[in-house]
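**Student:** Coordinates for the following, if possible.
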Amino acid sequence: MREGDSRGGERGSLMATLEAVTPVVRSFRAHPSSLYQVRQFVRAQSEGARLSEEVTDDLLLAVSEACVNAVLHSSSRLVKVSWRHAAGCAEVVVQDEGVFHRRLPMPEIDGPSGRGILLMMAVMDEVTIHEGSPREPGTQVRLRKCEQVD
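**Tutor:** Okay, here's the model as predicted:
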């Protein structure tokens with residue numbers, strides 16, 4: 001068995017363990033003023049899970065980006081944030097009631113904005129986006145991050 005196969009099996013087992021954990025779920029008003037409360041929620045959960053400062057900071061950054069996108073682009077009234085952790089890994093799911101609009105960031109038009117998804121992908125181990133559509137609204141962003149094992 002190749003080394004990658006072994007880690008893949010361990011990772012699959014860990015993800016199954018993570019998915020078996022009941023999430024802690026909170027709903028927030030889809031407004032910029034709620035972003036502070038979202039960050040407080042994620043920080044408290046991360047501290048309770050005894051995750052490192054590095055993992056906590058990465059989670060805070062990625063969750064903030066996902067929530068900013070939901071607040072600015074979804075026309076939702078609420079943003080739901082769920083948290084679960086197991087064995088040094090955390091998963092945060094950000095869900096809105098809107099429609100996902102695919103677009104490429106264009107620096108000459110967007111300026112410094114428009115890079116939230118790229119930023120999430122840079123700091124998370126796994127980013128999954130289930131795109132809400134006009135037929136089935138509700139975009140879901142799943143973010144996973146694990147402690148580094150030496």
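
**Student:** where are the low-confidence patches of this structure?
**Tutor:** Along the chain, the parts satisfying pLDDT under 70 run over 1-16, 102-115, 150.

**Student:** Output the longest strand belonging to it.
**Tutor:** strand 78-86 (DSSP state E).

**Student:** Report the buried residues of stretch 85-104.
**Tutor:** Applying a neighbour-count criterion of 16 or more other CB atoms under 10 Å, one finds 85-86, 88-100 buried in stretch 85-104. The way it works is simple: take the backbone N, C-alpha and C, and place the C-beta from them, glycine included.

**Student:** any idea which helix or strand comes after the longest strand of the chain?
**Tutor:** Where DSSP states H and E defines the elements, the next helix or strand beyond strand 78-86 is strand 89-95.

**Student:** So Arg50 versus Ser75, what's the distance?
**Tutor:** Distance, Arg50 to Ser75, by CB to CB, to the nearest Å: 38 Å.

**Student:** quick one on the thing from earlier: what's the farthest-apart pair in the buried residues of stretch 85-104?
**Tutor:** Gly88 and Val99 (35.1 Å; CB to CB).

**Student:** on that earlier part again, tell me the helices and strands packed up against the longest strand of the chain.
**Tutor:** Where contact means 3 or more CB pairs under 8 Å, 6 or more residues apart in numbering; DSSP states H and E, strand 78-86 is packed against helix 3-20, strand 24-29, helix 35-48, helix 53-73, strand 89-95.

**Student:** neighbour-wise, which of Arg50 and Ser75 wins?
**Tutor:** Set Arg50 next to Ser75 and count neighbours by other CB atoms under 10 Å: Ser75 wins out with 13 against 10.

**Student:** Just to check, the more buried one is in contact with Gly98?
**Tutor:** Yes - using CB atoms under 8 Å, Ser75 is in contact with Gly98, at 5.4 Å.

**Student:** ok now do Asp58, which residues does it touch?
**Tutor:** The contact partners of Asp58, by CB atoms under 8 Å, 6 or more residues apart in numbering, come to Val123, Met124, Lys145.
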